[in-house]
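Peer 1: Need a 3D model of the following:
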Amino acid sequence: MNGIGVRKIGLALAIAISLALSACATANQAPASRNISLRAMTFNIRLDLASDGANAWPQRRQMVADLIRYESADIVGLQEVLLHQKQALESELPAYEFIGVARDDGLQKGEFSPLAFNRARFELLGSGTFWLSPTPEVPAKAWDAAYPRIATWVVLRDRRSGQSISVLNTHFDHVGKEARVRSAEQIAAWVSSRKADRDVVVVMGDFNAPLESEPHAILANEGASGLRDSRSISKAPPYGPEGTFTAFRIDNASSEIIDHIFVSDAFAVERHATISQHWQGQLPSDHYPVVADLTYRAVN
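Peer 2: Numbering: from 1, shown residues only. Predicted coordinates:
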């Protein structure tokens, strides 16, 4: 073999070794990751009662729809939603898919606690409803609750990252102290099951439970669920008033925070806001909506 042939073989061998070393280095590198943003909103829209007079649903319907559309949350948990209110919002907000059943019969009777999600961003992998009671598959009120209470959940695939996200929306009883505690324990157990499947988790709703209450402690801080209150860990100072219940009175809002967004430790909270906007003195509901801007790490 002449010198030129030897040099060609040597060059080819060098290239092969270089490519092999490069492949090994790439394999040993950690996968790249990036932050994915997600906006969550919880909003008790107040059921339609004629006795509310000037604050009845027909006078508020457009305000509620416009507010949700403007805030552009990716996932929205609503409470106190009757069937015709749900249908109205579905018509007004076609970008969202609504999930949930009514609490009285598991179909259409009574209040819904529906979840709505941006259908362009998420693929629905699963959904369901359970009752906050010892018999979660059966419509019923339990413990000392005044009404049947439900939790609506979805499992979504985020098309931006492929990540599976479990979201739960609920409305705890306003009367039963034991019911609120037991409901928090039941939801904490659900959260544990979802985290076992390696989902990131968001739990939100009207909990009728302020920061210092036992139900709040079960779901956050020292609680067993492993969730955190998004307001308390927001990187930016929380925006807006503290209290989230107004009874339709702008000048008489409660100082108690009873509407919460809890998140698993996969999330960072960039901002948290209580939205106190009104139109010429009229509020869209007797609760302020709460919005949290979240981020999580996606591995490419």
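Peer 1: Tell me the bridge partners for Tyr296.
Peer 2: When bridges are taken as DSSP bridges, the partners of Tyr296 come out as Ile36, Phe267.
Peer 1: so how far is Arg69 from it?
Peer 2: Separation of Tyr296 from Arg69 (C-beta to C-beta, to the nearest Å): 25 Å. All C-beta atoms are positioned from the backbone trio N, CA, C, and that covers glycine.
Peer 1: For Gly77, give me phi and psi.
Peer 2: phi -110, psi 130 (degrees, to the nearest 10).
Peer 1: show me the contacts for the spatially most central residue of the chain.
Peer 2: When the chain is reduced to its mean C-alpha position, the nearest residue by C-alpha atoms, centre = their mean turns out to be Val202, at 4.4 Å. When contacts are counted by C-beta atoms under 8 Å, 6 or more residues apart in numbering, Val202 is found next to 40, 75, 165-168, 261-264, 267, 294.
Peer 1: For it, report the pLDDT, please.
Peer 2: pLDDT, the model's per-residue confidence, is 98 for Val202.
Peer 1: and if you look at Asn2?
Peer 2: Listed pLDDT for Asn2 reads 54.
Peer 1: coming back round to it: looking at Tyr296 and Arg69, which is more packed in?
Peer 2: For Tyr296 against Arg69, the residue with the higher neighbour count under other C-beta atoms under 10 Å is Tyr296, and the figures read 21 against 14.
Peer 1: Against Pro284, how distant is Tyr70?
Peer 2: Tyr70 sits 11 Å away from Pro284, going by C-beta to C-beta.
Peer 1: what about those two, which has more around it?
Peer 2: Set side by side, Tyr70 and Pro284 give different neighbour counts by other C-beta under 10 Å, the larger being at Pro284 (26 against 10).
Peer 1: Surely the more buried one touches Met63?
Peer 2: Yes: the pair Pro284 / Met63 is scored as a contact, 3.9 Å apart, by C-beta atoms under 8 Å.
Peer 1: what about the strands in the protein?
Peer 2: With DSSP state E as the criterion, the chain has strands at 33-44, 75-79, 96-99, 115-118, 122-131, 150-158, 164-171, 200-206, 228-229, 259-263, 267-274, 290-299.
Peer 1: Single out the most deeply packed of the ones you listed.
Peer 2: Per residue and on average, the most neighbours among these fall to strand 75-79, with a mean of 28 (mean count of other C-beta atoms under 10 Å).
Peer 1: Okay, angle between it and strand 164-171 too, please.
Peer 2: Here strand 75-79 points in a direction 20 degrees away from that of strand 164-171 (axes from the mean of the first three to the mean of the last three C-alpha atoms, to 10 degrees).
Peer 1: Quick one: residues in contact with strand 75-79.
Peer 2: Contact with strand 75-79 is made by 38-45, 68, 89, 96, 111-118, 122, 152, 156, 167, 169-171, 202, 204-206, 287, as judged by C-beta under 8 Å, 6+ apart.
Peer 1: now stretch 245-252
Peer 2: Applying C-beta under 8 Å, 6+ apart, the set of residues contacting stretch 245-252 from outside is 52, 55, 253-254, 256, 258-259, 276, 278, 281, 283, 286-288.
Peer 1: Now which of the residues you listed would you call buried?
Peer 2: Neighbour counting by 16 or more other C-beta atoms under 10 Å classes 52, 55, 253-254, 256, 258-259, 276, 283, 286-288 among the contacts of stretch 245-252 as buried.
Peer 1: Out of these, which one has the weakest pLDDT?
Peer 2: With pLDDT as the yardstick, Ala253 is the minimum among the buried ones among the contacts of stretch 245-252, at 65.
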